[in-house]
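**Q** Next one to model:
(chains A, B, C and D)
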Protein chains: 2
Amino acid sequence: MAGPHPSTTDSRHTPRGRIDKRNAILEAAFAVFARDGYAKASVDAIADAAGVAKPTVYNHFGGKEGLFRQAVSTTAERATARSLAVVHGLGSDVDDLAHALREVGYRLLLCYTSEEAWALRRLLHAEISRFPDVFDTVRGSGPDQFSEALADRLARLALAGRLRLEDPVRAAEQFVALLTGPVEGRSALGTRPVSDQELRDTVAAAVETFTRAFAVPRGRLGDGPSSGQEAAL
Amino acid sequence: MAGPHPSTTDSRHTPRGRIDKRNAILEAAFAVFARDGYAKASVDAIADAAGVAKPTVYNHFGGKEGLFRQAVSTTAERATARSLAVVHGLGSDVDDLAHALREVGYRLLLCYTSEEAWALRRLLHAEISRFPDVFDTVRGSGPDQFSEALADRLARLALAGRLRLEDPVRAAEQFVALLTGPVEGRSALGTRPVSDQELRDTVAAAVETFTRAFAVPRGRLGDGPSSGQEAAL
DNA sequence: GTCCTTTTGAACTGGTGAGTTCATTCTTCA
DNA sequence: TGAAGAATGAACTCACCAGTTCAAAAGGAC
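**A** Reported below is the predicted structural model:
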């Protein structure tokens, strides 16, 4: 954060051990916070889990609060990056649109239902009233960015004459909602495992509904846009 | 719950003051738990907020844990009852289907975005790992029941030839997801107010998508089912 | 008025945890 | 090898809080 370490790779003032410890602490901190919640998590437990002495934690992060912010932010950024990578895999020149959406949807749902993602969501829900800024940090370069990226892809598909959209952002929100909404309830907020089959069924149903609502029916065997619908955008 | 009080209205062994105090404690407890989280909420603060002495709390609920369970369960039942009432207002003989869905959707979203509902959801997320049974209690007579009720109504609409559904439960899940998913993000998990216009826009978009996917197009001015689609169920 | 239950206030115990201090040890690099 | 910064462990302070105890006070029911 505001430590005396220059951001460039300076071998003189950034001992290699420090970064390892820092990462170990962040990892352990997230795990303990996720398991016990902010209030019940003790700095001693985190230090133990990280294999580090308590004062080291205070050296690096100042206190429990700073540690929490850093741990959550770091994990959130990692999770967002994973989801973004999935969205970027959605091209606009796909052959079988429903198949492509199922593929992306399934991978997104895997991200969404990962243990880490559940823990992150639980923590955010739990502590958002005490740390509103953490939510802003996560959103600042988080799902907002993610939502935009997905909206971009959908807009491309609309331009390519494959989707009929008025509002790409709204459509992206709805696509994600159709994917994740049904899973939220079925997995008891992530505390019960969801079978892969259930995941795939949910994805299939979501894509079915989404395409019924938004997909442009294709002329038989034609692979280029033929209806001129894309000119309207 | 298992107290020495008969369930009938027995004026002899149920002093009127007790129930008032009990309710006051439950209300104050939910408020304090919602504000501070389980771990940081103190029984003293709850007793103060309820205008009651600390031992009284222990007389009624045994301890912090029992108090938490009761407070959350009670609030959850109230919230579920409200949502159920809205769903029961959805008839199967409506004239303008989209209009009826918007009406129900809007009212559901009002339930969903109430301060109490947000607090409840935050609490559940926060403490589900420590109190899994509370979630089960809430679900036992909660959203499960709610989901079933909505599915029933949609099945009726399908029978009336207004919707084309394979799986009413799935459709109900998706309807709710389309309503609530977009709001979740926009309101920062309930910590930022959402304008009524935004709510209505979300409802309109959700119903638009839902009807595009599931509504049976009606013959002009005809108000009876004419396609015989309902015979398939 | 009398009996019985509930409530009250206040003090007390025991446990837990954040954050600090400091002398000692480790690591890294010159 | 020697110097400097980092990490360590252990003890310590201070605050907060769950749960208990108990004698005194309400508050109805008869």
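
**Q** Per the annotation, how does chain A divide into domains?
**A** A:16-62, A:74-219 (automatic domain parsing).

**Q** In a markdown table, list those domains along with mean pLDDT.
**A** Compiled in a markdown table, the domains of chain A are given as follows (pLDDT from 0 to 100):
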| stretch | mean pLDDT |
| --- | --- |
| domain A:16-62 | 94 |
| domain A:74-219 | 94 |
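
**Q** so can I have a markdown table of those showing distance to DNA strand D and mean neighbour count?
**A** Just so you know, the C-beta spots here come from the backbone N, C-alpha and C atoms, and that holds for glycine as well. Shown next, in a markdown table, are the domains of chain A (distance: least, C-beta to the nearest atom of the strand, whole Å; neighbours: other C-beta atoms under 10 Å in any protein chain shown):
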| stretch | distance to DNA strand D | mean neighbour count |
| --- | --- | --- |
| domain A:16-62 | 3 | 17 |
| domain A:74-219 | 13 | 19 |
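
**Q** Need those in JSON lines (columns: distance to chain B).
**A** Shown next, in JSON lines, are the domains of chain A (distance: least, C-beta to the nearest C-beta, whole Å):
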{"stretch": "domain A:16-62", "distance to chain B": "3"}
{"stretch": "domain A:74-219", "distance to chain B": "2"}
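
**Q** can you tell which of those domains is closest to residue B:210?
**A** Closest to residue B:210 of the domains of chain A, according to C-beta to C-beta: domain A:74-219, at 7.8 Å.

**Q** just how off-centre is that closest one within its chain?
**A** How far domain A:74-219 lies from its chain's middle: 8 Å, per C-alpha atoms, centre = their mean, to the nearest Å.

**Q** Briefly note if it comes near DNA strand C.
**A** No: Domain A:74-219 stays clear of DNA strand C (C-beta under 7 Å from any atom of the strand), getting no nearer than 13.0 Å.

**Q** circling back: ok, which of the domains of chain A comes nearest residue B:94?
**A** domain A:74-219 (20.6 Å).

**Q** Which parts of chain A are strands?
**A** Using DSSP state E, chain A contains no strands.

**Q** That one: helices as residue ranges?
**A** Listed in chain order, the helices of chain A (DSSP state H) span residues A:16-40, A:43-50, A:54-61, A:64-88, A:97-112, A:115-127, A:132-140, A:143-159, A:168-186, A:196-214.

**Q** any chance of these in JSON lines, plus distance to residue B:49?
**A** As requested, these are exported to JSON lines (distance: least, C-beta to C-beta, whole Å):
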{"stretch": "helix A:16-40", "distance to residue B:49": "19"}
{"stretch": "helix A:43-50", "distance to residue B:49": "30"}
{"stretch": "helix A:54-61", "distance to residue B:49": "34"}
{"stretch": "helix A:64-88", "distance to residue B:49": "26"}
{"stretch": "helix A:97-112", "distance to residue B:49": "37"}
{"stretch": "helix A:115-127", "distance to residue B:49": "21"}
{"stretch": "helix A:132-140", "distance to residue B:49": "23"}
{"stretch": "helix A:143-159", "distance to residue B:49": "35"}
{"stretch": "helix A:168-186", "distance to residue B:49": "31"}
{"stretch": "helix A:196-214", "distance to residue B:49": "42"}
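
**Q** Thanks again, I'm all set now.
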